[in-house]
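A.B. asks: could you look at this predicted model? Sequence included:
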Amino acid sequence: MFSERGYTAEELEALGEAMPNRWNTIARELPPGYGVDLSIGHGTALGPVAVGGLAALTFGNDWQSQAFTRRYYLVGEGGDLERSHVYDFDQSTNEIQAGAFVTTGVEAFDQAIQYTGSVVRSTEDMTRVYEGYNRDVGDDIRVSRLRWVERQLIFHHLRGEHESTPFRLDWRLMQANADRLEPDRREYRQDRESEDQWYLSDRPEGNQRFFSDLMDNTLEIGVDGTLRLNPSAETPATIKVGASWLERARAVDTRRYKYFHRGVALDVLENDPEQVFTPEHIGAGSLQFEEFTQPTDNYSAKQTIDGYYAMTDIPITSWLQVMGGARVERSNQQVSTFELFNPVGDTTKARLNTTDVLPAATLTLRPLESINVRGGYGKTVSRPDFREMSEAPFNDVTGGRLTFGNPDLERATIDHLDLRVEWFPSAEEVVSASVFTKNFTAPIETIVIASAQQSVTWENAKGAFNRGIEFEYRKQLLPVLFTSGNISLIESNVDIGRQETAVQTSTERALQGQSPYVINLQLAYDDDARGTGVTMLYNVFGRRIVEVGAQGAPDSYELPVHRLDLVAKQRLGAGFGMSVKFRNLLDAVAPVIQGNKTVEEIQKGWGVGVGIKWNPPTP
């Protein structure tokens, strides 16, 4: 049914025949990516008035190909993991990005106004084919998807700074519009009949056309006032108050269509899709075009946040400074998931209205000119996203887990406590160490619930904590050579509590997505006199849970992946410069394991990019 009056069989046939008949996929060698960035800026002073501006354009066209295997397991009668589905994926993506940025401002007599605006647009054209064993049918299947997604973000930001000793006023106005359009995603499934014979399947994921449009608008207004209590002091004490208001609205419009088998001949179904979805095969007695949009596919959402804060920063002595304050935030969220043709009928509404007091305080000691000791406490809040509160479903792979939101989610609060020591051996060097703890109340996690295919949703755990130590340094080895890095060691634990819908296997585990260690290192050569620079970057993280195990199945872990990047630049003269970027030089495999089974191994490949830059010489 397309409306209350419905459509006749003839009208449905005409609609099905009018859809573009583009379904086939082809294998070809991908071209190299390329891009260009242009920028221009200028500033000038006219007496006491300073005016300036900067404009930039960017364009990039990048290709990426991936081939990997994904395995799905279920717990067997003996408690061991048994293979459910095994698919080999072949996926290619062409992403085109274009953007424009402009900023301009004027300053005079300690008053300043600045405007910043940008528009970013990206287009993603993806083709994906996965093939392999499906336990439900006891044989191989092949699923092909052709997907085109357009995203656009338009951003405006206007702010002002106004000084009048001992008072300062800052204000800001921000407006953003985000759109995501996915027109005509096509997906079809073929089932193996014999070694070289495949038939177009009528299973739920077959013969689909999917249309979706998302619009998200945000408006924020804020003002801050600062009073210097002793403006003539080198470091004056200050009192600062402020208020802000934010409104965000989202609308998601989704439509699903399908060609249902209504007596189509088998000798037709063994052909390529573009030979099947032709006018002579579309009709009531063959392939019937119908809409099957789900009652939970569409949702609208709105959120408002108004906040008020007051803080003070008091340098008690030259070696002791205290800062403290609190912010009060009132948030109202509402997400309505509704049937497309009956928006006032069976509607699921998620409402989350909260008021939070968020205190913060920092104590800074300077026992020596080159040493800082900081102790701090702060409370923050983490609210669920619109998507996490809507029951709109999503299933990416046949036999995979269906994902949908939870309208009963609550917001999480986080108490932070840390102690940090910083030593500055020189102006270019720093060594620091810190200990920290974070206590979570009602953290939001992805969980698996009992259903025919172990569906995935979000739920609040009872509590959790992170605690650890962090080291950071920057060391000048030579006048043109330095190294820097940070290392974090983290212990994490979550208290699952009583989750009525969850069937999690582990009663104690780390927070989902939290690694026990993270290492980032950098070695850089920078000779400004010759215009030469070379930077090597290294990163690795400890194993982390990517999917919580359910119904006796163990948790799935992403294992450590070592990444090495290299960036080199050289000034060529006459305003020209050249850069070379090597990405993921180690090209390490990113494995995901579940128990003693390998679920997934993705090798993203390495890449190299060459850039030419020109800055016009200053007259």
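C.D. replies: Cool, the structure landed. Numbers count the residues shown, from 1 in each chain.

A.B. asks: so which elements touch the helix or strand that contains F210?
C.D. replies: F210 is part of strand 208-228, with elements assigned from DSSP states H and E. In terms of contacts (3 or more CB pairs under 8 Å, 6 or more residues apart in numbering; DSSP states H and E), strand 208-228 is packed against strand 167-194, strand 238-261. All C-beta atoms are positioned from the backbone trio N, CA, C, and that covers glycine.

A.B. asks: centroid residue for the protein?
C.D. replies: Centroid-nearest residue in the chain: D385, 11.7 Å away (criterion: CA atoms, centre = their mean).

A.B. asks: check what pLDDT it gets.
C.D. replies: Per-residue pLDDT puts D385 at 93.

A.B. asks: kindly report the same for V137.
C.D. replies: The confidence metric pLDDT takes the value 87 at V137.

A.B. asks: surely V264 forms part of a strand?
C.D. replies: No - the assignment for V264, made by DSSP: H, G, I helix; E, B strand; the rest coil, is coil rather than a strand.

A.B. asks: wait, it sits on A284?
C.D. replies: No - with contacts counted by CB atoms under 8 Å, V264 stays clear of A284, the gap being 11.2 Å.

A.B. asks: which residue of these two possesses the greater neighbour count?
C.D. replies: V264 (20 against 14; other CB atoms under 10 Å).

A.B. asks: helices or strands up against the longest helix that the chain contains?
C.D. replies: Taking DSSP state H as the criterion, the chain has its longest helix at helix 9-18. Applying 3+ CB pairs under 8 Å, 6+ apart, one finds that helix 9-18 contacts strand 287-291.

A.B. asks: partner strands of the next helix or strand along the chain from the strand it packs on, with direction?
C.D. replies: Sequence order places strand 298-317 as the next helix or strand after strand 287-291, per DSSP H and E. Partners of strand 298-317 in the sheet, by DSSP bridges, are strand 238-261 (antiparallel), strand 320-338 (antiparallel).

A.B. asks: list the buried residues of whichever helix or strand comes after the shortest one.
C.D. replies: In this case it means strand 320-338. Next helix or strand after strand 320-338 toward the C-terminus (DSSP H and E): strand 348-368. By neighbour count with 16 or more other CB atoms under 10 Å, strand 348-368 contains the buried residues T348, A350, L352, D356, L358, A360, T362, L363, T364, R366.

A.B. asks: please apply the same query to stretch 162-176.
C.D. replies: Result for stretch 162-176 [16+ other CB under 10 Å]: buried residues R168, D170, W171, R172, M174, A176.

A.B. asks: next one: stretch 572-581
C.D. replies: G577.

A.B. asks: mind putting the strands paired with strand 298-317 in TSV, mean neighbour count included?
C.D. replies: Shown next, in TSV, are these (neighbours: other CB atoms under 10 Å):
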stretch	mean neighbour count
strand 238-261	17
strand 320-338	18
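
A.B. asks: for these, give me a markdown table that also has distance to I545 and mean pLDDT.
C.D. replies: Formatted as a markdown table, these follow (distance: least, CB to CB, whole Å; pLDDT from 0 to 100):
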| stretch | distance to I545 | mean pLDDT |
| --- | --- | --- |
| strand 238-261 | 29 | 95 |
| strand 320-338 | 27 | 95 |
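
A.B. asks: sheet partners, orientation included, of the strand holding F210?
C.D. replies: Sheet pairing for strand 208-228, using DSSP bridges, gives strand 167-194 (antiparallel), strand 238-261 (antiparallel).

A.B. asks: nearest to D555, of those strands?
C.D. replies: strand 167-194 (29.9 Å; CB to CB).

A.B. asks: next secondary structure after that closest one?
C.D. replies: Past strand 167-194, the next helix or strand by DSSP H and E is strand 197-200.

A.B. asks: name the helices or strands packed onto that next one?
C.D. replies: Checking 3+ CB pairs under 8 Å, 6+ apart, strand 197-200 ends up next to strand 167-194, helix 266-269.

A.B. asks: the same query, at a cut-off of 6 Å, please.
C.D. replies: With contacts defined as 3 or more CB pairs under 6 Å, 6 or more residues apart in numbering; DSSP states H and E, the packing partners of strand 197-200 are strand 167-194.

A.B. asks: which one of the buried residues of strand 348-368 is nearest to R255?
C.D. replies: T348 (19.2 Å).

A.B. asks: wait, the closest one touches E339, no?
C.D. replies: No - applying CB atoms under 6 Å, one finds T348 not in contact with E339, separated by 9.9 Å.

A.B. asks: which other residues reach stretch 519-528?
C.D. replies: 480-487, 533-540 (CB atoms under 6 Å, 6 or more residues apart in numbering).

A.B. asks: rerun that using 10 Å as the cut-off
C.D. replies: 471-474, 477-489, 532-542, 560, 562-571 (CB atoms under 10 Å, 6 or more residues apart in numbering).
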